[in-house]
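Engineer: Predicted model and sequence follow; I will ask about them next.
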Amino acid sequence: MTPHHPLTSEHIDIWLVFYQTITAPELQAALLELLNDAERQQQIRFYRPDDRLRYLATRALVRTTLSRYAPLAPADWTFIPNEYGRPAIGNDHVEARSLNFNVSHTRGLIALAVARDRVLGVDVENLVTRQVSGDIAEHYFAPAEVAELATVPEERHQARFFEYWTFKEAYIKARGMGLSIPLDRFGFHFADERSVSLAVDAELGDDAARWRFWQFQPTPDHLLALCAERLDGAVPLVTVRSVMPTVSDTPFAWTLLKRSS
C-alpha cells in the first residue's frame, strides 16, 4: 500500500468525520472489519446507538487515516498506551514510528490530527449539547481565566468558556499526561479576539514557548482547538479535510478564529 498523503514536519493534517452521516449498514459493516477483536468488543458495550457509531467511526478513522501516511493496512496498526493511557503507534516501521496523532470526539463530530516528528493535541466540543456553569470554571480554570470570564457579557459567556476549555484540553492532550496536569496551573490569555498566549506554572516543568495553538469553528455547533509542538523553521501549514472513512475525502473550508504567535 502506497501512502496517499506524504507528510513532512512542516505540515499538520486534521481530518473531520461527521459520523452521524454514516448510516448505510454496508458501510458500518465495512468499518467494523477494520477493528481488532478488543475494539469490536468495546464497541458493543456502548448502550446508546450514537455512542456505538461514534466509537466505530473513531477507530476506523484512525486506522484508515494512518494508512495514508505509511504502507500498512488499516487493520494492521497496533497501539501502545503510555503510563497515562494515551495511545501511541506500536508498529515498528520507519514511516509509522515518526507519526504522531491525537483524536477527539463530541456529539456529531470526530477530529483526528496527524503530524510527523511533532507532538500535538486536539480537542473538539459541541457548543449546543453541552451546557456549562460557572462552577466548572471556578474549579478548573486558572485565576486569571476565571477573572476574565467574569467580565464577558452573558450572551458570550458560553462561547468564551469553550474557547478556554478547548485550548486547555488540547494542551493537556499534547502533553500526553491527561488530568494529572492540574487545569488551574496553566492558563490562556486573549490579547484580542484573534490571538492567544499560554502561561504555565513553573512547577509543571514546561515552557509555554514550546507550543503553538490554533482554533476554528468547523460548524456553528462545534469548536476545535489544536496544540502542536514548535519545531525549528516556519509555522506549520494546517490542512483540514472532511472524510468518510474508506469512501471519500474533500478539502474543508475553514476560518481561523485564534492562534498563538
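Structural biologist: Here it is on my side, so go on. Numbering: from 1, shown residues only.

Engineer: could you measure the closest residue to L149 other than its chain neighbours against I181, distance?
Structural biologist: Nearest residue to L149 in three dimensions, chain neighbours excluded: A137, at 5.5 Å (C-beta to C-beta, 6 or more residues apart in numbering). The way it works is simple: take the backbone N, C-alpha and C, and place the C-beta from them, glycine included. Note on A137: its distance to I181, by C-beta to C-beta, to the nearest Å, is 17 Å.

Engineer: ok, now V238?
Structural biologist: If you go by C-beta to C-beta, the gap between V238 and I181 works out to 24 Å.

Engineer: where does the stretch 151-261 of the chain dip in pLDDT?
Structural biologist: Across the stretch 151-261 of the chain, the ranges flagged by pLDDT under 70 are 248.

Engineer: Compute the distance between R63 and T106, please.
Structural biologist: Where T106 is concerned, R63 sits at a distance of 20 Å (C-beta to C-beta).

Engineer: Tell me which of those two has more neighbours.
Structural biologist: The neighbour comparison of R63 against T106 (other C-beta atoms under 10 Å) goes to R63, with 23 against 19.

Engineer: just checking, next helix/strand downstream of the helix or strand hosting that one?
Structural biologist: Using DSSP states H and E, R63 sits within helix 49-66. With elements assigned by DSSP H and E, the helix or strand that comes after helix 49-66 is strand 79-81.

Engineer: The helix or strand just after that following strand: how far from the chain's middle?
Structural biologist: Using DSSP H and E, the helix or strand that follows strand 79-81 in sequence is strand 87-89. With C-alpha atoms, centre = their mean, to the nearest Å as the basis, strand 87-89 stands 14 Å off its chain's centre.

Engineer: ok, now stretch 38-56?
Structural biologist: 20 Å.
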